[in-house]
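[1] just need the structure, nothing else, for what follows:
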Amino acid sequence: MALPVAFFGVFFAYPVAAIVARGLKPDGSWRFGRITEVLGQSDIQQVLWFTTWQALASTALTLLVALPGAYVFARFEFRGKQVLRAVVTVPFVLPTVVVGTAFLALIGRGGLFDELWGMRLDTTVWAILLAHVFFNYAVVVRTVGGLWAQLDPRQEEAARMLGASRARAWRTVTLPALAPAVAAAALMVFLFTFTSFGVVQILGGPAYSTLEVEIYRQTAQLLDLPTAAVLTLVQFAAVGAVLAVHAWTVRRRESALKLVDASATVRRPRGAGQWSLLGFVLLTVALLILLPLGVLVQRSFDGPDGFGFLYYETLRSADGGAFLVPAIDAIGNSLRYAVVATAIAVVIGGLAAAALTRRAGRLVRGFDALLMLPLGVSAVTVGFGFLITLDEPPLDLRASWFLVPLAQALVGVPFVVRTMLPVLRAVDGRLREAAAVLGASPLRAWREVDFPLVRRALLIAAGFAFAVSLGEFGATVFIARPDNPTLPVAVARLLGRAGDLNYGQAMALSTILMLVCAVSLLLLERLRTERTTGEF
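    Model prediction:
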C-alpha cells in the first residue's frame, strides 16, 4: 500500500487540501463561518437542489433505459455482440465536452431535430438528462450485465417449475440477486451525474448549474476561492457518502452470491418476445448512442463547399488557429500522455488491488473508498490545485509535460482497481501456499501463479485506463500547455471560438478521438473472457 498511498497523498489529497485551505484560511486563521454564509445564499441553494435532483432523475432514467440492454448482453448471443458492446462503451470514455457537443449538434439550433421538425431541446433539462443517459448507459450494462451473465438460470427455472409465473420468478429470485449490482450501478451513475461538468455547461446554458460548474465559475471566472472551497467540501462530503454506500453494496455482492460460468448462460434469442426485446435494445442503441455519434462524423465532413476533408486538412495548419501549434499535434500529444498515464495507473492500481485482496480490516476498506474519490471530487479543484501546489522544489512540475499524465492517471487508477480486484480475489490462496511449500519465493509465486491467471484482466485494465486517460478533460484543461494541447482540450478551445472552421475542426478532432476510443475498446472485447468479473 505504500506507493499508492504516497501517490494519492501527494497528487490528490495535497492539491485538494491546499485549495480548501487557501479558501478557508486566507489570512492565516480558519474561517469556518464562511461555510454557513455560502450555504445560506439562495443561488447556492438552488445549485445544490438542481445538482441533486437532476442526478436522481438521470440515475432513474438511465436504469430504466439500460436494464433491458444489460439483460440482452448478459443472456443473448447474437452476431456483432462484441462490436456492439464496444460501441455502447465509447460514450463513457469520451470527454463530456464532446458528449455535450454531440447532443448540441443533434438537438440544438441548426441541429438535426431543428432541421427536420423545427424542434430544439438545448437549454432544457431534457437535453441534460438524455446526454447523461447516453454517457452512463455502459455503466449499467457492464456492471449489472456482468453479474446477470453469471447468475445460475436454474434457480429461476426451479421457481417456474413450482408454479411461479415468469414475472414472479424474476421478482422473487433474480431481482434480489441482482439488487447489489443494480445498487452499485445506480450509485456510480449518480456519482458521475452529480459531478457533471461539460454536459451541463454546454447543454444547460446559463439557466442550469451543477456544483462542478459552479466551482469552475467561482474559481476560474470570479476568483472567489472561499466559495469554491466551501462547494468543494460539500461535494467531497456527498461523494464520500455515496462511495461508502457503494463499497457496502460491492462487498455484499461479492460475498452473498454463488456464480457460474457466464458462457453456460448465454444462448440465441427464442420466441417472438425475446426477439422483440433484442430489437428494442438495438433500436435504443441506434437512437441514443449511434445517432449522436453519427452526427459528430457527419458534421466533421460537412464543409462550406459540401462533403469533403476540408476540416481534417486544416488541422495541419496553425495559422489563425486556437493553438501555437497545428491542431493535429494534439493527437500525438494525447497518445503519448495516455501511454505514460496508463503505465502509472497500472502500477499504482495493480499494487493497490493486490493490497486490497488481503482483506486487512477497516483501514484497507477505507483505502478502497479513497481510490474512487478522484472520480467524484471536482476535477477543476484537482487541476487548479496542481497549479498552486506543484510549483516548488522538489515537486516543481508546473512547466513539465509530466503533470498531464499524473492528472490522467488519477482518473485511470480506479478503473484498474475495479477491474483487477475481483479477479485477484478469485485466485485460490492455496495455490500460492503450495508454491511456497515447494520453495518458491513470494515474487516467484506471484509470477508463476497469480500473473497467468490475471494477465487478461491486467490488459483489460490497461486498456480502460488508456481510453479514460485520452478523454480526461476537467483537470487537463488547467494544466495542458498551449504548445502541447490534448485532444479534449483542443476540442474545447475550438468550440469556444466563433466561426464554422473552428466548429468543423472541433468535430473532426472529436471524430478522431471517438475512433481511437472505439478501436481501443474493440481490442478490449477481443481480450475479454466471460470469466472476467471486473465492474468495468
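[2] the strands in the stretch 101-250 of the chain, which residues?
    Along the stretch 101-250 of the chain, counting by DSSP state E, counting those that start in this stretch, no stretch forms strands.
[3] mind naming the longest helix for this protein?
    helix 42-75 (DSSP state H).
[4] for it, name the packing helices and strands.
    helix 33-39, helix 81-93, helix 125-148, helix 175-194, helix 211-216, helix 225-256, helix 271-285 (3 or more C-beta pairs under 8 Å, 6 or more residues apart in numbering; DSSP states H and E). In this view, the C-beta of every residue, glycine as well, is placed from N, C-alpha and C.
[5] for the protein, what helix or strand is lowest in average pLDDT?
    helix 362-372 (a mean of 71; mean pLDDT, DSSP states H and E).
[6] can you pull the pLDDT of residue 16?
    If you check residue 16, the pLDDT there is 85.
[7] could I get the host helix or strand of residue 489 in CSV with only the CA atoms?
    Element membership of residue 489, judged by DSSP states H and E, is helix 487-495. Output in CSV follows, covering the C-alpha atoms of helix 487-495 (Å, rounded to 0.1, in the frame of the first residue of the first chain):
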residue,chain,number,x,y,z
LEU,A,487,-7.5,16.2,-27.9
PRO,A,488,-10.2,17.1,-25.3
VAL,A,489,-8.6,20.5,-24.6
ALA,A,490,-8.2,21.2,-28.3
VAL,A,491,-11.9,20.4,-28.9
ALA,A,492,-13.0,22.7,-26.0
ARG,A,493,-10.8,25.6,-27.3
LEU,A,494,-12.1,25.2,-30.8
LEU,A,495,-15.7,25.2,-29.6
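[8] so where's the stretch 1-150 of the chain uncertain?
    For the stretch 1-150 of the chain, residues meeting the criterion pLDDT under 70 lie at 26-28, 109-110.
[9] for the helix holding residue 489, which positions count as buried?
    487-495 (16 or more other C-beta atoms under 10 Å).
[10] just checking, what packs against that helix?
    Judged by 3+ C-beta pairs under 8 Å, 6+ apart, helix 487-495 is in contact with helix 96-107, helix 329-357, helix 451-471, helix 476-479, helix 500-527.
[11] what helices or strands is the third one leaning on?
    Yep, that's helix 451-471 we're talking about. Under the contact definition 3+ C-beta pairs under 8 Å, 6+ apart, helix 451-471 sits against helix 81-93, helix 329-357, helix 403-426, helix 487-495, helix 500-527.
[12] and what of the shortest one?
    Under the contact criterion of 3+ C-beta pairs under 8 Å, 6+ apart, the helices and strands touching helix 476-479 comprise helix 379-389, helix 403-426, helix 487-495.
[13] nearest to residue 468, of these?
    helix 403-426 (5.3 Å; C-beta to C-beta).
[14] following the closest one, which helix or strand comes up?
    Downstream of helix 403-426 (by DSSP H and E), the next one is helix 429-437.
[15] any chance you could list what contacts that next one?
    442, 444-446, 448-450 (C-beta atoms under 8 Å, 6 or more residues apart in numbering).
[16] 10 Å instead, please
    For helix 429-437, the surrounding residues in contact (C-beta atoms under 10 Å, 6 or more residues apart in numbering) are 357-358, 428, 440-442, 444-450, 453.
[17] ok, residue 297 - contacts?
    Here residue 297 is in contact with 102, 507-508, 510-511, 514-515 (C-beta under 10 Å, 6+ apart).
[18] what's near enough to touch the most centrally placed residue in the chain?
    Centroid-nearest residue in the chain: residue 92, 5.4 Å away (criterion: C-alpha atoms, centre = their mean). Contacts for residue 92 (C-beta under 10 Å, 6+ apart) come out as 99, 134-139, 141-142, 192, 464, 467-468, 471, 517, 521, 536.
[19] hmm, try it at 7 Å
    Residue 92 makes contacts with 135, 138-139, as judged by C-beta atoms under 7 Å, 6 or more residues apart in numbering.
[20] list just the nearest of those to residue 87.
    Residue 87 lies nearest to residue 138 out of the contacts of residue 92, by C-beta to C-beta, at 9.3 Å.
[21] for residue 85, see how far away the closest one is.
    8 Å (C-beta to C-beta, to the nearest Å).
[22] go on, residue 403?
    Distance of residue 403 to residue 85, computed by C-beta to C-beta: 34 Å.
[23] compare the two and say which is more crowded by neighbours.
    In this view residue 403 and residue 85 are compared by other C-beta atoms under 10 Å, and residue 403 has more residues nearby, 24 against 20.
[24] got a pLDDT number for the more buried one?
    pLDDT at residue 403 comes out at 87.
[25] which residues does it contact?
    So residue 403 contacts 386, 390, 397, 479 (C-beta under 7 Å, 6+ apart).
[26] ok, back up a step: between helix 96-107 and the helix holding residue 489, find me the angle.
    Helix 487-495 and helix 96-107 are oriented at 50 degrees to each other (axes from the mean of the first three to the mean of the last three C-alpha atoms, to 10 degrees).
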